[in-house]
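1. Let's see this in three dimensions:
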Amino acid sequence: MQTNLLEEYQRLQTGESTRAVAYLRLRRALQNLMDAGVLRPGQALPSERDLAQLLDLSRVTIRKALAGLIETGLLVQRQGAGTFVAERILRQFSRLTSFTDDLRERGLNPQVKFLERTIGEVTPEESMALNLSPGSGVVRMYRLRHVDGSPIAIERTLVPYALLPDPESVTTSLYEALDAHGNRPKRALQRLRAVALDEEAARHLELPVGSPGLLVERRAFLDDGRVVESTRSYYRGDAYDFVAELQSD
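-> As a prediction, this is how the structure comes out:
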């Protein structure tokens, strides 16, 4: 890792003669290594002294560079243990995947706690969200999602009962249960916006009220156009990143 960091820092240094922006250069070098997967979530960084010797920088400069990444949530400091890459989760906007799929792909251990799991008759609002006729059955789930024991998201999900007749079959992944019935979503519309967490969401996510969060609203569809899922999720803003790949026409 130290060799990679030195090479990246020197690459960014090319054409620059002043040390006035050395801490910004180091900050960018570390972030580039995170983005490239060289620095992985949970990995420990070398000590301030080792970084200073490696890059021929003062410890004040090292400390300033790390502080900026800690402030943005990319690094975390643990008392008596050092500085580590934060356990942030990247979720691609360009792929239709489940929460569980995303975490397993990254070698993490997803868990779920059901706060509610019921079957009932659709309300007028639920009828509109799922394109169901009045009187239709609906499965309602309220789930707290964890990663390695830490709360990461809270979700309210609606699924037509006709597409999920045994909601108890949902253990960790909703999409796996839907797939077992031949009803895995094929496409989805998703909207994301930054929010301040309200009292309920903050309590479940073990954060102060008003902490930054991400609200994600998803409607997923089958091939024939039927709505199979309507989910409203609150994610911790300090632990989740959504990434979209953009291409020109």
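2. where does the chain have low pLDDT?
-> 15-20, 72, 88-99, 101-108, 240-249 (pLDDT under 70).
3. Would you map the strands across it?
-> Listed in chain order, the strands of the chain (DSSP state E) span 75-78, 82-85, 89-92, 110-121, 137-147, 150-160, 187-196, 212-221, 227-236, 240-243.
4. Show residues contacting the fourth one.
-> Contacts of strand 110-121 from elsewhere in the structure, counted by C-beta atoms under 8 Å, 6 or more residues apart in numbering, are 99-100, 103-104, 135-147, 149, 161, 167-168, 170-172, 204. Where C-beta positions appear, they are placed from N, C-alpha and C, glycine not excepted.
5. right, so the strands of the chain: which one is the most enclosed?
-> strand 227-236 (a mean of 22; mean count of other C-beta atoms under 10 Å).
6. Within its sheet, name the partner strands of that strand and how each one runs.
-> According to DSSP bridges, strand 227-236 forms sheet pairs with strand 150-160 (antiparallel), strand 212-221 (antiparallel).
7. got TSV for those strands, with distance to residue 182 too?
-> Converted to TSV, the strands paired with strand 227-236 look like this (distance: least, C-beta to C-beta, whole Å):
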stretch	distance to residue 182
strand 150-160	14
strand 212-221	14
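8. Which of those sits closest to residue 239?
-> Smallest distance to residue 239 across the strands paired with strand 227-236 (C-beta to C-beta): 5.8 Å, for strand 150-160.
9. ok, residue 64 - contacts?
-> residue 23 are the contacts of residue 64 under C-beta under 8 Å, 6+ apart.
10. Check residue 85 too.
-> Contacts of residue 85 (C-beta under 8 Å, 6+ apart): 34, 39-43, 45, 74-75.
11. Now render those residues as JSON lines, adding distance to residue 222.
-> Formatted as JSON lines, the contacts of residue 85 follow (distance: C-beta to C-beta, whole Å):
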{"residue": "34", "distance to residue 222": "37"}
{"residue": "39", "distance to residue 222": "40"}
{"residue": "40", "distance to residue 222": "36"}
{"residue": "41", "distance to residue 222": "34"}
{"residue": "42", "distance to residue 222": "38"}
{"residue": "43", "distance to residue 222": "40"}
{"residue": "45", "distance to residue 222": "46"}
{"residue": "74", "distance to residue 222": "38"}
{"residue": "75", "distance to residue 222": "42"}
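12. Among these, the buried ones, what's the ChimeraX command?
-> Buried residues within the contacts of residue 85, by 16 or more other C-beta atoms under 10 Å, are selected in ChimeraX with:
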select :34,39,41,45,74,75
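13. CA atoms only for stretch 222-240, dumped as PDB, please.
-> Output in PDB follows, covering the C-alpha atoms of stretch 222-240 (Å, rounded to 0.1, in the frame of the first residue of the first chain):
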ATOM      1  CA  LEU A 222     -41.800  -6.900 -13.700                       C
ATOM      2  CA  ASP A 223     -41.400  -7.500 -17.400                       C
ATOM      3  CA  ASP A 224     -45.100  -7.100 -18.000                       C
ATOM      4  CA  GLY A 225     -45.100  -3.700 -16.300                       C
ATOM      5  CA  ARG A 226     -46.700  -4.700 -13.000                       C
ATOM      6  CA  VAL A 227     -45.300  -3.000  -9.900                       C
ATOM      7  CA  VAL A 228     -43.600  -5.500  -7.700                       C
ATOM      8  CA  GLU A 229     -42.100  -3.300  -5.000                       C
ATOM      9  CA  SER A 230     -42.400   0.200  -3.600                       C
ATOM     10  CA  THR A 231     -39.700   1.000  -1.000                       C
ATOM     11  CA  ARG A 232     -38.800   4.100   0.900                       C
ATOM     12  CA  SER A 233     -35.400   3.900   2.600                       C
ATOM     13  CA  TYR A 234     -33.400   6.100   4.900                       C
ATOM     14  CA  TYR A 235     -29.600   5.500   4.700                       C
ATOM     15  CA  ARG A 236     -26.900   6.800   7.100                       C
ATOM     16  CA  GLY A 237     -25.300   9.700   5.300                       C
ATOM     17  CA  ASP A 238     -21.900   8.900   6.900                       C
ATOM     18  CA  ALA A 239     -21.700   5.400   5.600                       C
ATOM     19  CA  TYR A 240     -23.300   5.100   2.200                       C
END
